[in-house]
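[1] sequence first, predicted model second:
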Amino acid sequence: MPLDIVRIRAAFPGRRIDYYRSIDSTMRAAAGLETGAVVLAGEQTAGQGRLGRAWHSEAGAGVYCSIVLKPAPLLTLALGLAARSAILDASGLTCDLRWPNDLMLADKKVGGILVQAADGHAIAGIGINVDQTAFPPEIASEATSLRLQWGRPPGLPSSTDILLALLPAIDRFLHRDPASILRLFAEASSYASGRRVTVRQPDGAIEGTTAGLDLSGFLIVRKDDGTDTLVLAGGVRASGS
Ligand code: BTN
C-alpha cells in the first residue's frame, strides 16, 4: 500500500518531510538536509543496511525512512527503542531488540537501523518490514514482516500508521537521559544479558554469554574462560541460529 504522505505531513506541520515514490536510498537523499528533516520512500532501489549489506526495499511493503539528527550518545540504542515502541503502539506486536538495533519478531529480523555521520549530523535510517509476504531466498530464513507475524488478516497497520507513531517516538526517546536508555534497552532486549551468542568480528568469531552493556552502550560478552570482551560493532547472532 502506498504511503499516505498527505496524512503524514498533516500530522507534523512545520516539519520538512520529503517523499520519493522510488529512490536509490533515503540515506543519500537526507545527507545535507537540516536537522529534523525526514526523508520517506515508497521503495528503494539501493537500500543500504549495516555492515555494507543491502536492505531489501520492496515497493509499498515497508517503512523506508531517514531522519537528520544531532549526534548524541547512545543514539542507535534510542532509535531501536523508539522503533520498537512505534511498532507496539501501532500493531500491538512486541519486538525483541538484538544489539545494537535489530528489531526481531519470532527470532527473525523485522526491522533495522543504520546511523551514518554526515557534515556534523547523524543520519538515522530506519527500515521496517510491514507488508511483505515473502523475501528473496538469500534472506528468507532470517527476515520477517509484521504481516507474516500478524496472524490475523484484517487490521494490519499500514506503513503510514507505523510512521505516525515512529516520528513522535523518536522525539520522545531522544529526550531521555543516557542512563534510562541503557536501562530500557536492557529491559527490552533478550540479547542484553544472559544470552548465548556468536559475534562475528573482523579477526574471527567470538562465542560467549552476554553480560550487559557498558556505559557507552557497547555489549559485554563473557567467554567461557571467564574473560570479558567488549563488542563495539559486528554481527551478533544467537548461538546455533
Ligand atoms: C540494518 O542493516 O539492519 C539497517 C537497515 C536500515 C535500512 C533503512 S531503510 C531506510 C534507510 N535507507 C537506507 O538505504 N537504509 C535505511
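    Now that the structure is in, tell me what you want to look at.
[2] tell me if Arg84 really is in a helix.
    Yes - when classified by DSSP: H, G, I helix; E, B strand; the rest coil, Arg84 is found to be part of a helix.
[3] contact partners for it?
    Thr94, Cys95, Leu97, Leu103, Ala188 (C-beta atoms under 8 Å, 6 or more residues apart in numbering). C-beta here means a position set from N, CA and C on the backbone, and glycine is covered the same way.
[4] among the residues you listed, name the buried ones.
    Cys95, Leu97, Leu103, Ala188 (16 or more other C-beta atoms under 10 Å).
[5] counting neighbours, what do you get for the closest residue to the third one other than its chain neighbours?
    It refers to Leu103. Nearest residue to Leu103 in three dimensions, chain neighbours excluded: Gly111, at 3.6 Å (C-beta to C-beta, 6 or more residues apart in numbering). By other C-beta atoms under 10 Å, the residues close to Gly111 number 29.
[6] do the same with Leu114
    With other C-beta under 10 Å as criterion, Leu114 counts 22.
[7] isn't it right up against Arg50?
    Yes - if you go by C-beta atoms under 8 Å, Leu114 and Arg50 touch, sitting 5.4 Å apart.
[8] what's the first helix or strand after the helix or strand where Gly208 lies?
    In this assignment (DSSP states H and E), Gly208 forms part of strand 204-213. Helices and strands here follow DSSP H and E; after strand 204-213, the next one along the chain is strand 219-222.
[9] on that earlier part again, the residue nearest to Leu103: what's it in contact with?
    Contacts of Gly111 (C-beta under 8 Å, 6+ apart): Val63, Ala83, Ile87, Cys95, Asp102, Leu103, Ile126, Gly127, Ile128, Asn129.
[10] can you name the residues bridging to it?
    Leu103, Ile128 (DSSP bridges).
[11] gap between it and the ligand?
    From Gly111 over to the ligand the distance is 7 Å, taken as C-beta to the nearest ligand atom, to the nearest Å.
[12] quick check: pLDDT value at that residue.
    In this prediction, Gly111 carries a pLDDT score of 98.
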